[in-house]
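Asks: mind looking at a prediction? Sequence and model below.
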Amino acid sequence: MQRVSFPLRKKPLTQFVLATLCAAGAQISHAQTSGDLGSVQSTAVSSSNSGTATSTNVQSAPAQAPSQGSLTATQPQSVISRHYIENSTAPTANYSEIVQIAPSVSNVAPNGSGLMESQSLSIRGLQDGQYNVTFDGIPFGDTNDFTHHSTSFFSNRVLGNIVVDRGPGDASQIGFATFGGTISLQSRVPSASPAFSVLGSYGSFDTWQAGAEFNTGYLQQWGDARAMVGYAQSSSDGYLTNADQRRQNVYFKLDKPIGDNTLLTLFATYNNIHQNVPLGATAAQIQQFGPNFGLGADPTSQAYAGYNFDRINTDFEYIGVKTKVAEWVIDNKLYTYGYYHNGFNGLDPNGETPNGTIFGPNNVPGQEMNNNYRAFGDVLALERQLGPGKLQTGMWIAHQSNFRDNFNVDSSLNFAFISQNFTMNDTMLTFQPYLQYAWQLQNGLTITPGLKYVSFNRSIDTPMNQKTGEPLDFSHTWDKVLPSLTLHQQITPQWSAYAQYAQGFLAPNLNVFYVNDPTVSGQPDPEQTDNYQIGTTYKTGRLTVAADLYYINFRNAVTSRTVGNNVIFSNAGGATYKGVETEATLSVGDGFSLYGNLTFNSAKQKSTNTWMPNAPQSTAAVGVLYERGPLNGSLLMKFVGHQYGDTGNTQPIGGYAITNFASSYTFARLAPWTHDTRLGFQIDNLFNRTSINALAGYTAADNTPLYWTIPGRAFVATLSTDF
């Protein structure tokens, strides 16, 4: 084999990145991407904007990698393909379970995969509400604290690729909380050929799922439009006792070319969920009833499953237009989404508050809440070649209206009203325009300076404010100009390197308005970060490798503590996040590939040098994958290191590892009227580890710690057929 040499002396950025990575290794034992939008063709629709190299060889390392870097990324990024979602995750999995394979990501799913909202999905130790989640480039979530409901909007049947950006990105990366990173969910593309498919699965905890999907293929009489419509329904008793869940999801997507330079996309999804929701278990309850203790079956108890449940309905719709006008490529999405949540809970399901209401000394006290919101917004991106580079500009504007209330009820009398705790209306208006220029120099080097202006306006109008019970009519705006600078060097077609500086900004949560007079108390400073990152990615048919270093200077870091049903936020002051992240996939031949990632992470409060809560000190994954002919399989282990559940190095949680096995066999044309029929079998938590893996909060009465445990071993079999 001829030896190939690279002129590294001509690429100082490359030398800098590699030298720094090597030095760090000795010391430590976009979703939105800014890729070329390109021309819009009437005969084809891009299936991904992840910038990931694709390969026709299904046994190649890029095709088999559970998670891999991108050659075009300008910050640490991991791309998770539809191939991995279909073959190595449970049919009921949410995005929160899917992304946990990526470097520096950890997740707690206490009721089984997809059977309960994620309780602690973190990226580099940054918690939900401190990073962004988007769907097809559209940011979504609760504006009161910027968190997300992982079960509520999208089933994994809707998802194509998922991209995990670990950092604030360049100026074009918009969202509520981009400074902690972005999880970019990308919808599947309707197939080019007509198809009808059905799916069914059954497994542990009496968990079943059924679904069907129809793809039109190209409709020449409609100008090469293509569409898909699907339905999925699932039901489960859950791993935790009496923590049932029922979900229904219907979705639709249409891609319609208009002429040679315009593509129209319509998307809609609707969801209905009923779930019984535990709050965690005390150590005494775990010891007495086992690690799967959740809710009870006694109607005289505040932990009765019939008193602790959610009814949730959601919808998400957008109209997208991608076109080329003169020299400009324009991508615009007009969207709306809604979330309607009616929830019930026993006043103290963990047994520290005695029964008794105004209706009787033995009656069961509880609470009922409503959390409803509707968002409208628009995401606009424009790009054109200008001189030696590309000019990129755009904006995101969004308005969300929220209604929330909470009142005491008598659960044993069909939730009879007792007293009001609060009722409130609030709004959030967000505006983020940006401008950046990708200056393309010689030797594959691109320098991209950018500016983004962020503005968050909160407004509240309430006759009975939360915490105070007093009326309040108040609004406040937080805004800032955020600079970014990225350097990207394409060393060879298979090798790239990058360096990045970017500022992050996050407006305070709505709870800062829960005071008698916000004009007197003043408004706190927002969370702000300075992010520094360098890294490199190498990708061939046999090997994918990515590595990076990061350093985050965090100002006004906000932590949270859950007491009963209340989340209490506090300012931990300054914090420093830093670490090294690596991942690789190697194709070893005969259908086998090896995957691994390893991270060392540090997240410490500056004033005390103690660890930030829920920030693992390391993560790792390792496994083997196989695909040859009709047979596919994977054996993957994810390790999450030691962490603390609360501030001050309290509530230590030991490290743990979970191993999952998955296999499938595809039969071609079992019958003349079928195409492929796929039979799959999966085991989650192969070695049945059920130890405590997270702090769930504290009881309202005595501040007794509550915990989550790892759900026990679970089996699932899946059968799908294409017609």
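Replies: Good, I have the coordinates.
Asks: number of nearby residues for the closest residue to G294 other than its chain neighbours?
Replies: Closest residue in space to G294, ignoring its immediate chain neighbours: L240 at 2.9 Å, by Cβ to Cβ, 6 or more residues apart in numbering. For every residue, glycine as well, the C-beta is placed using N, CA and C. Around L240 there are 26 other residues, counting by other Cβ atoms under 10 Å.
Asks: what does V520 give?
Replies: Number of residues near V520 (other Cβ under 10 Å) recorded here: 7.
Asks: start to end distance for stretch 403-416?
Replies: Stretch 403-416 has its terminal residues 21 Å apart, counting by Cα to Cα, to the nearest Å.
Asks: again with stretch 235-255
Replies: Distance across stretch 235-255, first residue to last, is 32 Å (Cα to Cα).
Asks: strands of the stretch 351-500 of the chain, start to end?
Replies: Assigned by DSSP state E, counting those that start in this stretch, the strands in the stretch 351-500 of the chain fall at 365-386, 389-410, 416-440, 445-464, 472-492, 495-506.
Asks: tell me which of those sits nearest to S720.
Replies: S720 lies closest to strand 365-386 among the strands of the stretch 351-500 of the chain, at 33.5 Å (Cβ to Cβ).
Asks: from the contact counts, what lies against the closest one?
Replies: Under the contact criterion of 3 or more Cβ pairs under 8 Å, 6 or more residues apart in numbering; DSSP states H and E, strand 365-386 touches strand 328-346, strand 389-410, strand 416-440.
Asks: can you rerun that using 6 Å?
Replies: strand 328-346, strand 389-410 (3 or more Cβ pairs under 6 Å, 6 or more residues apart in numbering; DSSP states H and E).
Asks: okay if I get those as TSV plus distance to E368?
Replies: TSV is the format used below for these (distance: least, Cβ to Cβ, whole Å):
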stretch	distance to E368
strand 328-346	5
strand 389-410	5
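Asks: related to what we said a few turns ago, so what's the residue nearest to G294 up against?
Replies: 111, 278, 292, 294 (Cβ atoms under 6 Å, 6 or more residues apart in numbering).
Asks: repeat that with 7 Å
Replies: Residues near L240 by Cβ atoms under 7 Å, 6 or more residues apart in numbering: 110-111, 278, 292, 294.
Asks: quick one, phi psi at it?
Replies: When quoted as degrees, to the nearest 10, the phi and psi of L240 stand at phi -70, psi 140.
Asks: any idea how far it is from V108?
Replies: Noted for L240: a distance of 12 Å to V108, by Cβ to Cβ, to the nearest Å.
Asks: and what of G114?
Replies: According to Cβ to Cβ, G114 and V108 sit 13 Å apart.
Asks: looking at the two, which has the bigger crowd around it?
Replies: A side-by-side neighbour count of G114 and V108, using other Cβ under 10 Å, places G114 first with 28 against 23.
Asks: can you pull out the low-pLDDT segments for the stretch 151-300 of the chain?
Replies: Along the stretch 151-300 of the chain, the model assigns pLDDT under 70 to no residue.
Asks: strands of that one, start to end?
Replies: Assigned by DSSP E, counting those that start in this stretch, the strands in the stretch 151-300 of the chain fall at 159-165, 182-187, 195-203, 207-215, 226-236, 245-258, 262-276.
Asks: those strands into TSV, with extra columns for distance to D525 and mean neighbour count?
Replies: Converted to TSV, the strands of the stretch 151-300 of the chain look like this (distance: least, Cβ to Cβ, whole Å; neighbours: other Cβ atoms under 10 Å):
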stretch	distance to D525	mean neighbour count
strand 159-165	25	24
strand 182-187	23	25
strand 195-203	48	17
strand 207-215	46	19
strand 226-236	43	20
strand 245-258	40	19
strand 262-276	37	19
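Asks: tabulate those in TSV, adding columns for distance to S455.
Replies: Shown next, in TSV, are the strands of the stretch 151-300 of the chain (distance: least, Cβ to Cβ, whole Å):
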stretch	distance to S455
strand 159-165	22
strand 182-187	19
strand 195-203	44
strand 207-215	40
strand 226-236	37
strand 245-258	32
strand 262-276	27
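Asks: list the contacts for G294?
Replies: Applying Cβ under 7 Å, 6+ apart to G294 gives the contacts 240-243, 278.
Asks: inside helices: which ones of the residues you listed?
Replies: Taking DSSP state H, every one of those sits outside helices.
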